[in-house]
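*Asks:* here is a sequence with its predicted model. Questions after.
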Amino acid sequence: MADKRMKAVVEYDDADDGNSEEGEKEDSDDLELGLSLAHPGIRAGFMGGGQREGHRRKNLPWEDLGVGSSQFGSPQEPLRQFDFGQGNVKDWVETDDCREDVVEAGSVSQVNCVSRDTCLEMPNSECQRFAQQKRRKLLASPEDATFFPAEVTAATVAIDFIPLSSSYLEFRMDFSDDLLHLIFSFLEQKDLCRAGATCKQWLAASTHENFWRCLEFENTRISQQNFVAICHRYPNATEVKLRGTPNVEGLVIVAMTSLRHLETLILDKGRLSEAFFLALTDCPALTTLRISDASVGSSTLEVTVCHERLHDLQLVKYRVLRITVRCPQLQTLSLKRSSMAHVLLNCPQLRVLDLSSCHKLPDTAIRSSAMSCPLLTSLNMSSCLCVTDETIREISFTCPNLCILDASNCPNISFESVTLPMLMDLRLESCEAITSASVSAISQSQMLKSLELYNCGMLTSVSLDLPHLQNISLVYLRRFVDLNLRSPVLKQIKVSRCSALHRISITSNALQKLVLQKQESLTTLLLQCQNLQEMDLSDCESLTDSICEVFSDGGGCPKLRSLVLDNCERLSMVKISSCTLVSLSLAWCHAMNAIELSCPNLEELNLDGCDHLESASFCSVGLELLNLGICPRLSDLRIEAQNMLVLDLKGCGVLSQAYIHCPRLKFLDASFCRKFSDESLSTIAASCPHIESLILSSCQSVGPNGLSSLHFLRRLTLLDLSYTFFMSLRPVFDNCLQLVVLKLSACKYLTDFSLDALYKEDVLPALRELDLSYSSIGQLNMLNLITYCTNLVHLNLNGCANINELIWSSSYCHSSNMAINNCLSAMSKEIDKSFRKTGHLLQILNCTGCPNIKKVLISSSANCLYLSKINLNLSVNLKEVYLTCTNLCMLNLSYCSSLVFLRLNCPRLNNLQLLACSMLTEEALEAAISQCHELEIINISSCSKIHAKDFDRWRMVCPSLRRIKSSL
């Protein structure tokens with residue numbers, strides 16, 4: 001219920017009560033629920049309708065209609081409707097002066113209101129001011145004095161002004177009773193109390209008995225008078241919960257005598273005397289009694305619980321010397337963590353008995369208690385240090401139906417010569433006397449379904465053949481070495497922290513997942529699990545190659561789909577043949593040097609950290625992606641995979657023999673395979689005709705014969721020959737007609753004539769990206785490529801030391817080309833005609849780090865209509881840049897420390913990077929950007945001759961400028 005005081009309060013500007021603080025202090029221990037409970041003697045928050053000390057009591061005009069009502073009179077005239085979203089009403093609600101002094105309703109002498117006619121004659125501003133000065137509100141608590149929030153705009157607020165004798169302000173939100181009942185069903189009882197203070201409808205809805213079947217008071221100070229009123233208001237309540245409530249005994253006796261239908265009683269943290277237990281007979285319907293962390297008076301040493309219909313009794317942490325229970329219908333009894341030394345039970349129908357952590361209870365008392373309940377099915381005597389085997393043996397004779405037993409932390413029991421034929425659930429934790437002989441006795445319980453053995457230090461082996469065993473847990477068994485389980489319905493096995501375990505044998509038809517992680521000594525594993533699908537043997541460092549036979553076809557796991565053998569350090573040769581295996585992980589098996597897999601449904605393979613792998617065979621596997629780039633010692637590879645799309649061999653530096661038959665393969669990365677031969681490349685190209693991307697970077701053993709086999713790859717669109725020793729690219733030009741990307745970075749043996757066919761013979765018509773970074777090709781050939789390969793979109797010339805001047809102008813390049821080869825003249829003219837019509841397709845030009853380039857000129861005659869990005873950074877000798885590019889958006893000249901002359905006619909330039917251009921002056925920069933009408937970002941950090949302090953000045957030069965990056 002509510003943990004605050006529920007009172008009806010009226011907000012009024014002129015009310016001033018000097019004793020209000022003292023009054024609140026006096027009643028801080030009471031929970032006044034009269035308002036929300038509609039007590040007939042309550043008016044405006046006062047009990048009994050009498051006068052309250054320190055307050056002047058006068059009759060209020062609305063008292064006869066009940067506190068919380070939304071209607072205090074019958075309006076004589078039609079209502080005037082206002083909406084929060086219109087006019088001055090919203091302003092009136094949200095005014096800063098809205099929160100006023102809050103006093104109790106009993107201290108208000110009168111309520112002044114204005115008539116409807118008077119208000120209608122006032123201007124809006126005066127009406128608003130008057131409404132702010134004199135108004136009242138009904139609130140749930142002083143802390144909630146916020147009036148109605150202005151956010152409530154979905155509902156229309158009806159405001160009516162009527163004559164002084166019955167004037168009122170009405171705020172109404174219309175909900176049907178059923179809808180209101182549904183809304184209130186989500187509220188806690190303290191929220192129901194607050195809601196009930198709103199209006200009559202909400203009061204009636206909040207006090208519906210369906211919401212008050214359970215009377216719950218947690219850490220609440222409530223007077224006995226209020227509690228009596230609550231019990232009288234809700235006589236049909238069936239459950240009472242008192243937690244941390246002062247005077248709990250007095251309250252609960254009132255509940256037992258007043259609530260004739262009380263069925264459940266829950267008490268926590270209180271003091272109960274013998275009178276309470278004697279009063280239980282006054283509550284005939286009681287079936288459940290739960291008492292926790294309670295104590296009795298100093299004069300009471302014995303507690304007697306006697307009830308005819310009680311079914312569930314819990315006395316948890318109950319501090320008493322002796323407990324007697326006489327309940328003929330009792331079925332569940334818990335005395336957990338109680339301090340009694342004697343217990344007497346007369347409960348012939350008892351089924352469940354919990355005596356756990358009753359440290360003072362002797363062995364004889366436990367024995368007599370259990371033996372007095374012949375129908376007992378569940379017994380918990382964990383942490384009862386005095387229990388012996390004799391007690392368990394006597395209980396097994398007297399209670400033949402016992403099926404659940406918890407004897408954890410009982411150091412004196414060994415379970416030898418004990419027979420529990422109906423036992424189904426057994427838990428033994430920290431029982432030092434449990435040995436292999438004890439397990440033999442447990443195996444006689446043929447109905448056993450669950451067995452938990454924790455921290456049994458003397459246990460060395462477990463051998464069980466039980467037809468109903470479903471769950472077994474073996475944790476922290478220091479000397480445990482051998483496990484043998486046979487059960488057709490075994491579903492779950494937990495083996496953890498058994499450091500000496502070296503042999504496991506399991507036979508089950510129901511087991512689907514088996515996790516045996518970190519069993520460092522495990523060497524032998526025998527499985528006959530017809531439905532096992534997931535197996536995890538991570539960090540089993542002692543497993544040998546023989547384990548692979550268990551998981552192959554015919555090894556006892558015919559439905560295995562997932563196998564994890566990570567960090568199995570002794571595996572050297574892994575050979576698995578399985579028709580059902582889908583996922584296999586062999587990560588960090590450092591000793592493995594060979595692997596042979598024949599798994600047609602294998603889709604996932606993890607070989608991370610297998611850095612000693614030398615030979616690999618994947619014949620008939622279902623892999624779509626295979627990464628062997630983390631196997632630097634791999635020398636022999638054989639793959640047959642019908643579904644493989646991606647193969648990564650990056651870094652297999654000693655791979656010399658490779659047979660790959662993957663008809664659907666699209667991506668092959670063999671970069672840095674220094675011994676990758678022409679024969680291997682020819683075999684792969686013939687057996688994998690659908691390859692679209694082929695990376696042979698740093699494959700220095702591949703020669704012209706290997707490139708000649710590329711005619712098999714009709715769909716090849718990307719070819720990377722970077723860092724190779726090719727002198728001629730004729731096999732590429734003749735066989736790769738669909739090539740889109742060609743990378744020739746650092747091919748230092750290419751000559752000036754190696755790429756002539758690109759612009760002389762119009763080969764590779766689909767080529768869009770060409771990478772000649774760090775190439776030794778001469779300047780004129782570079783310029784011819786730029787000018788006449790009009791189909792290029794992306795060109796990389798990074799680090800080309802032979803480029804001195806990059807002058808892109810049709811007249812310049814044409815005359816230069818004529819001087820080199822006169823036979824090209826006619827073709828050049830024809831190209832020029834078509835070029836002028838269509839323009840160049842180049843969009844990105846990268847010349848980063850060209851050490852000898854001094855001048856860059858791109859004129860309008862170059863007709864580079866699509867060029868959008870030029871990168872010339874780190875060209876330390878670059879002095880002059882002249883660009884006329886209508887669509888250039890980004891220009892990077894960072895670290896061009898020799899740059900002096902900069903001319904830009906780039907109307908769409910948006911980003912200009914001039915970082916560390918120390919020779920460039922302000923005048924040169926102003927002249928350069930004056931023609932860049934869309935420039936927004938400029939970086940002049942570390943430009944010692946340029947100062948960016950006067951931003952307005954730069955805005956005058958370039959009005960579109962938005963950001964200047966500077967180190968000053």
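*Replies:* Arrived safely, thanks for sending.

*Asks:* what's the end-to-end length of stretch 191-205?
*Replies:* The first and last residues of stretch 191-205 sit 12 Å apart, counting by C-alpha to C-alpha, to the nearest Å.

*Asks:* if you could redo that for stretch 672-691, that was the one I meant.
*Replies:* Start-to-end, stretch 672-691 (C-alpha to C-alpha) is 19 Å.

*Asks:* show residues contacting it.
*Replies:* 649-668, 670, 696-703, 705-706, 709-710, 712-716 (C-beta atoms under 8 Å, 6 or more residues apart in numbering). The C-beta positions use only the backbone N, C-alpha and C, and glycine is treated the same way.

*Asks:* and it, what's buried?
*Replies:* 672-673, 675-678, 680-685, 687-688, 691 (16 or more other C-beta atoms under 10 Å).

*Asks:* one more: stretch 769-789?
*Replies:* Neighbour-count burial for stretch 769-789, counted by 16+ other C-beta under 10 Å, picks out 769-779, 781-789.

*Asks:* just the buried ones from the contacts of stretch 672-691?
*Replies:* So, by 16+ other C-beta under 10 Å, the buried ones in the contacts of stretch 672-691 are 649-652, 655-656, 658, 660-662, 665-668, 670, 696-699, 701-703, 706, 709-710, 712-713, 716.

*Asks:* please narrow the buried residues of stretch 769-789 to those residing in helices.
*Replies:* Gln779, Asn781, Met782, Leu783, Asn784, Leu785, Ile786, Thr787, Tyr788 (DSSP state H).

*Asks:* ok, now how distant is the last one from His840?
*Replies:* Same thing as Tyr788. Per C-beta to C-beta, to the nearest Å, Tyr788 is found 10 Å from His840.

*Asks:* same thing with the fourth one?
*Replies:* Between Leu783 and His840 the computed distance is 13 Å (C-beta to C-beta).

*Asks:* now Thr419
*Replies:* 95 Å.

*Asks:* neighbour count winner among the two?
*Replies:* His840 (21 against 13; other C-beta atoms under 10 Å).

*Asks:* was I right to think the more buried one contacts Ala862?
*Replies:* Yes: His840 lies in contact with Ala862 (C-beta atoms under 8 Å); the separation is 6.8 Å.

*Asks:* wait, doesn't Leu628 sit right on Val646?
*Replies:* No: the criterion here is C-beta under 8 Å, and Leu628 misses it with Val646 at 11.4 Å.

*Asks:* of those two, which one has the most company?
*Replies:* Leu628 (22 against 16).

*Asks:* pLDDT wise, what is that one at?
*Replies:* We have a pLDDT of 91 for Leu628.

*Asks:* one more: Pro731?
*Replies:* pLDDT at Pro731 comes out at 93.

*Asks:* hang on, it packs against Leu713?
*Replies:* No: here Pro731 lies out of contact with Leu713, judged by C-beta under 8 Å, at a distance of 11.6 Å.

*Asks:* hmm, who's touching stretch 654-666?
*Replies:* Contacts for stretch 654-666 (C-beta under 8 Å, 6+ apart): 632-647, 649, 668, 670, 673-677, 680, 683-684, 687-693.

*Asks:* how long is that stretch from one end to the other?
*Replies:* 23 Å.

*Asks:* do the same with stretch 868-881
*Replies:* Per C-alpha to C-alpha, stretch 868-881 runs 16 Å from first to last residue.
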